[in-house]
Each structure stands twice: as structure tokens, then as C-alpha cells.
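> Just to be clear, the model below is a prediction. Sequence and coordinates:
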Amino acid sequence: MGLPKMRLVRQSAHIPPAVDVLTEIEREWRRIKDQLTISTGASVALCVGSRGIANLQPVVGAVAAGLR
């Protein structure tokens, strides 16, 4: 018994350019900061889901810095 007939198949996928996540976080904070209703000195909770996020620590740090 031999192998079945085979064909060469090429696959290509569009891969979007890399995004500078920290720059995007800063941009979004500038965009929404006037819409926030958090009083100065208020306590807030920052919940984080880590599933599938690379380099999570700098991302959470940037979000926390925006909240400060």
C-alpha cells in the first residue's frame, strides 16, 4: 500500500502590523479622561484577566498610571 497522491499547498495570512500597546493605552486615556467621573482620592479596583496577554505587567502599570 502506497501513500495517497499529495499536492503542495501554500497558505498566506494577513498579519496586521504590531501595535505599541503602551502608546495606545496613553492615547485612550487622553481621549476618555474628561469623560471619567472618578473623584480625586477615590478608591478604585483594577481587575485584570491575564489569559493570553503577553507582558501583562507593563500594560496593567500603564492603566494604573492613567487612573492615578
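Great, that's in hand.
> Endpoints of stretch 25-40, how far apart?
Length of stretch 25-40, first residue to last, Cα to Cα, to the nearest Å: 21 Å.
> got the contact list for that stretch?
Outside stretch 25-40, the residues within contact range by Cβ atoms under 8 Å, 6 or more residues apart in numbering are Val44, Val59, Ala62, Val63, Gly66, Leu67. Every C-beta, even on glycine, is put in place using the N, C-alpha and C of the backbone.
> List phi and psi for Ala24.
One correction, residue 24 is Glu, not Ala. Glu24 adopts backbone torsions of phi -70, psi -40, taken as degrees, to the nearest 10.
> That one: neighbour count?
12 (other Cβ atoms under 10 Å).
> next one: Val59
Neighbour count of Val59, defined by other Cβ under 10 Å: 17.
> repeat for the one 3 residues further on
Counted with other Cβ under 10 Å, the burial measure for Ala62 works out to 18 neighbours.
> That one sits in which helix or strand?
Here Ala62 is covered by helix 56-67, with elements defined by DSSP states H and E.
> What is that helix packed up against?
Here helix 56-67 touches helix 21-32, going by 3 or more Cβ pairs under 8 Å, 6 or more residues apart in numbering; DSSP states H and E.
> buried ones in the helix it packs on?
Using 16 or more other Cβ atoms under 10 Å as the test for burial, helix 21-32 gives Ile25.
> Please compute how far it lies from its chain's middle.
Helix 21-32 sits 11 Å away from the centroid of its parent chain (Cα atoms, centre = their mean, to the nearest Å).
> what do you get for stretch 35-49?
Mean-position distance between stretch 35-49 and its chain equals 19 Å (Cα atoms, centre = their mean).
> before we move on, what about stretch 34-46?
Chain-centre distance of stretch 34-46: 22 Å, with Cα atoms, centre = their mean.
> residue nearest the centroid of this structure?
Taking Cα atoms, centre = their mean, the centroid of the chain lies closest to Val21, which sits 6.0 Å from it.
> Contact partners for that one?
Residues near Val21 by Cβ under 8 Å, 6+ apart: Asn55, Pro58, Val59, Ala62.
> thought the third one was touching Gly49?
No: applying Cβ atoms under 8 Å, one finds Val59 not in contact with Gly49, separated by 11.4 Å.
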